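Enquirer: Turn this into a model:
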Amino acid sequence: MMNGDDAVNKVEQSPNGFEEQLLSDLKAHVVQRAQPLPVARPSRSSRGWRLAGAFGLAVALTVGGLAIQTMRVGDQPPSTASAAQILRLAAAAAQQQPELTARPDQYVFTEFLATLRETPTSGPYTTVRTQLWQSAGGVAHNQARYQPQSGSKEWSELRVLRPLDAADPTKELDELPSPAYHGDLPTDPDELLRYLREHPVDLHLPDGADEKAVYGDESMAYTTARSMLNGYVPPRALAALFELLAREPGAVVISSDVVDAAGRHGVAIRMPGVVGGNDDYIFDRDTHVYLGTRNSVIHNGTESPHTAAALLRVAIVDRPGQLP
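Expert: Numbers count the residues shown, from 1 in each chain. Okay, the predicted model is just below:
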């Protein structure tokens, strides 16, 4: 446990935790600046667009070689290892990570590079460095700041992030986020599966959605498991989570050499259950440490890269704005 503003638990390039939800928020914000897009793309695995429009993002929309290289989709032959084998190797790698501890009043700090474009199918790509402070115990609103990787490269002001009303995406809600520190997760895969079935992630479904069908679907537990990567999962529980994902039917290796936004080489695994696009999870090609995600959409039968995010570091800190 830590005391004082400067007391920090830190993991460099950790596989533990990842705020994929914030990436979706970045996408949604840039879309709002350009042209309308459906607020919630139908997806059983959507963490979905909940905080969009709650903050500004000053970016210079320029395309570069890094963005193009990062966002390639399925252009490498699949690895000889299966998705299940890679996920089990990721589970073994997770167990080797040092464990971070957090009090409910502390924050999970994550930093990542996010590559995105104005719309899912057109426009230049830009890369933004993001620093996010999530409430460990879900007792305060999350906060974030952003730095475009081109142009002035000035950091934005620290912004408070609030969810949006599903019925009115222009209206912010004052409800607090879910805890970002998942210290109570079972460490046995079978027990974890039962836990996730009993505690599904809140998808913030729009009015009229068939909640019974969505939450009763067999894939919901795996959707909830992936949502845990938005925050911090301790090593043994993270290993169980990857072992659980290794059991999910339909995951495939689509690239044996993908380069993420940070220039790291990895293996891309495409997860099932997404309608209208694809979500890929990237693991280091050699160590199998979890590196991040990328997203593509399908438009007129063609797959188009949309966003990618590379996790750089995770830490526990005492307050928003504090750096490890």
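
Enquirer: Surely residue 297 and residue 303 touch.
Expert: Yes: using Cβ atoms under 8 Å, residue 297 makes contact with residue 303 at a distance of 7.5 Å. C-beta coordinates here come from the backbone N, C-alpha and C atoms, glycine included.

Enquirer: quick one: residue 303 and residue 278 touch, right?
Expert: Yes: look at residue 303 against residue 278 with Cβ under 8 Å: they come within range, at 6.8 Å.

Enquirer: So if I had to pick from those two, which one is more boxed in?
Expert: Taking neighbours as other Cβ atoms under 10 Å, residue 303 and residue 278 compare with residue 278 leading, 21 against 14.

Enquirer: show me what contacts the more buried one?
Expert: Contacts here follow Cβ atoms under 8 Å, 6 or more residues apart in numbering; on that basis residue 278 touches 73, 270, 295, 296, 298, 303.

Enquirer: Which members of those residues are positioned in strands?
Expert: Mapping these onto strands (DSSP state E) picks out 270, 295, 296, 298, 303.

Enquirer: filter those residues to the buried ones?
Expert: For the ones in strands among the contacts of residue 278, a neighbour count by 16 or more other Cβ atoms under 10 Å gives the buried set as 270, 295, 296.

Enquirer: Wait, residue 279 touches residue 306, no?
Expert: No: Residue 279 lies out of contact with residue 306 (Cβ under 8 Å); the separation is 10.3 Å.

Enquirer: what residues are shared contacts of the two?
Expert: By Cβ under 8 Å, 6+ apart, residue 279 and residue 306 have these common neighbours: residue 295.

Enquirer: Looking at these two, which has the bigger crowd around it?
Expert: Neighbour comparison, residue 279 and residue 306: the larger count goes to residue 306, with 25 against 20 (by other Cβ under 10 Å).

Enquirer: helix, strand or coil for the more buried one?
Expert: For residue 306, the assignment made with DSSP: H, G, I helix; E, B strand; the rest coil gives strand.

Enquirer: Farthest-apart pair in the ones in strands among the contacts of residue 278, please.
Expert: Largest separation among those by Cβ to Cβ: 270 and 298, giving 12.4 Å.

Enquirer: what about stretch 244-256, how long is it end to end?
Expert: Start and end residues of stretch 244-256 are separated by 22 Å (Cα to Cα, to the nearest Å).

Enquirer: circling back: with the ones in strands among the contacts of residue 278 in mind, which one is nearest to residue 311?
Expert: The closest of the ones in strands among the contacts of residue 278, once distances to residue 311 are taken by Cβ to Cβ, is residue 295, at 14.7 Å.

Enquirer: For residue 111, see how far away the closest one is.
Expert: As judged by Cβ to Cβ, to the nearest Å, residue 295 and residue 111 stand 19 Å apart.
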